[in-house]
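In: Got a predicted structure plus its sequence, pasted below:
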Amino acid sequence: DGGITQSPKYLFRKEGQNVTLSCEQNLNHDAMYWYRQDPGQGLRLIYYSQIVNDFQKGDIAEGYSVSREKKESFPLTVTSAQKNPTAFYLCASQRRRGADNEQFFGPGTRLTVL
Amino acid sequence: GESVGLHLPTLSVQEGDNSIINCAYSNSASDYFIWYKQESGKGPQFIIDIRSNMDKRQGQRVTVLLNKTVKHLSLQIAATQPGDSAVYFCAENMRYNTDKLIFGTGTRLQVFP
């Protein structure tokens, strides 16, 4: 089955620790995205990547970092600089830049800072 | 059920009734629109999309209407079922001009038996 996987589903972190969220897709999509979702709110874009080895900041990139070494993978690191990291994190992919096609979403990772 | 910012509006309907979920989009240059459904604790799922050269598109039990004059998008769900209970988001995009979808804050649909 083609799709997007995110792991882990639930993640707990102590304050001051960096954590990395995994996102993998086997859809052969060029573009990948990371969003943050807080309770009762919409999706806010953290980072996105249109091609391998290139990525762009979204609207709330501070305290986060990403890499895109492979087309299939777009991991997100939540650093200790992110002051309020507890949230639901969603990864998405899209076939190609500028195309009128939808973004496909993974199942999400719920991060809780203890 | 129109999006009103930070507070998530809720639409409550009885099973079997039709539902209409509204969305006011922000950019008059947007030319592609998507509706997503998000169940609790899961990622959003694509429902239906529409391009700006259309004003109506129908899917299975769902219809999307686009009014570019007032920048308004609606999702109609026929014969609403308990499995339709979820949060519904609209998203807009300017093809060939930006790389990003812009999401609305969502509307929660609750279906009662």
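Out: Everything's here; your move.
In: who's the most centrally placed residue in chain A bridged to?
Out: By C-alpha atoms, centre = their mean, chain A has its centre lying nearest to residue A:34, at 2.8 Å. Beta-bridge partners recorded for residue A:34 (DSSP bridges): residue A:47, residue A:91.
In: give me every residue that touches it.
Out: Contact analysis of residue A:34 by C-beta atoms under 8 Å, 6 or more residues apart in numbering or on different chains lists A:21, A:23, A:45-48, A:58, A:64, A:66, A:74, A:76, A:89-92. Yep, even glycine has a C-beta here, placed from its N, CA and C like the rest.
In: Return the list of strands paired to the one helix or strand residue A:77 maps to, each annotated with direction.
Out: Under the criterion of DSSP states H and E, residue A:77 resides in strand A:76-78. Strand A:76-78 pairs in its sheet with strand A:19-25 (antiparallel), strand A:64-66 (antiparallel), by DSSP bridges.
In: With mean neighbour count as new columns, can these be given to me in JSON lines?
Out: As requested, those are exported to JSON lines (neighbours: other C-beta atoms under 10 Å in any protein chain shown):
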{"stretch": "strand A:19-25", "mean neighbour count": "19"}
{"stretch": "strand A:64-66", "mean neighbour count": "20"}
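In: could these go into TSV alongside mean pLDDT?
Out: Formatted as TSV, the strands paired with strand A:76-78 follow (pLDDT from 0 to 100):
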stretch	mean pLDDT
strand A:19-25	97
strand A:64-66	98
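In: Among those, which comes closest to residue A:12?
Out: strand A:19-25 (9.0 Å; C-beta to C-beta).
In: could you point out where chain B is predicted with low confidence?
Out: Scanning chain B for pLDDT under 70 picks out the ranges B:1-7, B:95-99.
In: which bits of chain A sit near chain B?
Out: A:4, A:6, A:31, A:40-43, A:45, A:48, A:50, A:56, A:58, A:90, A:92, A:97-100, A:102-108, A:110 (C-beta under 8 Å from any C-beta of the partner chain).
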